[in-house]
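>>> My questions are about this predicted structure, shown below with the sequence.
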Amino acid sequence: MAFDKKVLIDTPIMIDLLRGIEKSKNWIDGIETENRLISVVTVAELIAGCRNKNEQKKVDRELKEYEVIYLSSRCSKLGLEWYKTFHLSYGVGFLDCLIAATAYEKNVPIATLNDKHFKQLTDIIIIRPY
């Protein structure tokens, strides 16, 4: 499935890609490099999952194919508001709220495998790519 507009790619898809999951690779390969966005939160999550320097170098090499979106003050405020609103009732995590706020601020859909983490946030478009 080709994707011809900007999309914010969530952490689980990137983890699948780095683990060599073919579905993830095929989907991401269908997105032009200039349309691949990733939150700085996802970057931090990927680095946190590295067990050694070689794995971190692999992450760094892959991330050259994406535009990293950094958190703005507006994005941080929205993420915190969503967290205060949804973490008790739906178990939505703070990092997921920040990633979703990034997608909202950039007015792009979020591609994720964890749509349950984002479905309460009705102001964003969710894509489940595989």
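Right, received. Where do you want to start?
>>> make it CA atoms for all contacts and neighbour counts henceforth
Fine.
>>> what comes into contact with stretch 33-53?
4-11, 14-15, 56, 59, 65-71, 95, 98-99, 102 (CA atoms under 8 Å, 6 or more residues apart in numbering).
>>> End to end on it, go ahead and measure it.
Distance between the two ends of stretch 33-53: 25 Å, counting by CA to CA, to the nearest Å.
>>> repeat for stretch 103-122
Counting by CA to CA: the opening and closing residues of stretch 103-122 are 12 Å apart.
>>> Just the buried ones from the contacts of stretch 33-53, in ChimeraX syntax?
If you want just the buried ones from the contacts of stretch 33-53 in ChimeraX, going by 16 or more other CA atoms under 10 Å, the selection is:
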select :6,7,8,9,10,11,14,15,56,59,66,67,68,69,71,98,99,102
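>>> Which of the contacts of stretch 33-53 fall in strands?
Within the contacts of stretch 33-53, membership in strands is found for 7-9, 67-69, as judged by DSSP state E.
>>> Just send those residues back as CSV, with pLDDT and distance to Glu81 too.
Below are the ones in strands among the contacts of stretch 33-53 laid out as CSV (pLDDT from 0 to 100; distance: CA to CA, whole Å):
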residue, pLDDT, distance to Glu81
Val7, 97, 23
Leu8, 98, 20
Ile9, 98, 22
Glu67, 97, 25
Val68, 98, 23
Ile69, 98, 20
